[in-house]
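Undergrad: Everything below, folded, please.
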Amino acid sequence: MWAIKNSPFTLPCPIHVSNPEEVLERWWLKDGSKLDTNIYKSATEKLLPSSLDSRERISLLPDGGLHFEKILHKVVNLTTSPPVGTGNHEDFLLSESQRNHSDEGNYQCFIKSAGGVVFSPKIHVFVAGEYVFFDDFIL
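TA: Have a look, this model is predicted:
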């Protein structure tokens, strides 16, 4: 699945739930680690963050989908100083995790009910640049 850098994106949970009232918990893994998300009561109203350190740009929707306010893809290879004459010093003020943060990766949706836990196959999200030109492709 493709997402465009710096754009909103929703990753649907491919698990079909016949009775949503029986769902006890929903969550997502990215590359094997549980995502910290905001929980939405509706598509437009935030209910509460799942923790004080939650990522406010990633939200778990009522249908189990994962909504990104803005897709990130920032991999910065830094040496000891920015290239001479570029004036690009902002990346040197970021932590290592901020410099190398990307939403690209393998995602998996999980749903827990009284009957147990069901999980989706892994879904790979690729992040494209901000400008994608489809005229160059021949279908």
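
Undergrad: C-alpha only now, for contacts and for neighbours.
TA: Will do.

Undergrad: Could you measure from Leu72 over to Ile58?
TA: The span separating Leu72 from Ile58 equals 11 Å under the rule CA to CA, to the nearest Å.

Undergrad: Strands of the chain, start to end?
TA: Across the chain, reading from the start of the chain, the strands by DSSP state E fall at 2-4, 9-11, 23-30, 33-34, 38-40, 46-49, 58-60, 66-68, 105-113, 116-119, 123-128.

Undergrad: Below-threshold pLDDT in the protein: ranges please.
TA: Segments of the chain classed as low confidence (criterion: pLDDT under 70) are 39-55, 74-100, 130-139.

Undergrad: one step back: which one of the strands of the chain is the most hemmed in?
TA: Stretch with highest mean neighbour count among the strands of the chain: strand 58-60 (a mean of 25; mean count of other CA atoms under 10 Å).

Undergrad: partners of that one, with directions?
TA: Using DSSP bridges, the strands paired with strand 58-60 in its sheet are strand 38-40 (parallel), strand 66-68 (antiparallel).

Undergrad: Between the two ends of stretch 108-128, what distance do you get?
TA: For stretch 108-128, the first and last residues are 20 Å from each other (CA to CA).

Undergrad: Mind listing residues that contact it?
TA: Residues from elsewhere that reach stretch 108-128, judged by CA atoms under 8 Å, 6 or more residues apart in numbering: 1-5, 13-15, 22-30, 64, 71-73, 103-107.

Undergrad: which residues does Ser113 bridge with?
TA: Ser113 forms beta bridges with Val23, Gly116, as assigned by DSSP bridges.

Undergrad: And it, how close does it get to Asp31?
TA: Ser113 sits 23 Å away from Asp31, taking CA to CA as the criterion.

Undergrad: So Asp103 is in contact with Lys70, correct?
TA: No - Asp103 lies out of contact with Lys70 (CA atoms under 8 Å); the separation is 9.5 Å.

Undergrad: Identify the contacts common to these two.
TA: Common contact partners of Asp103 and Lys70 (CA under 8 Å, 6+ apart): none.
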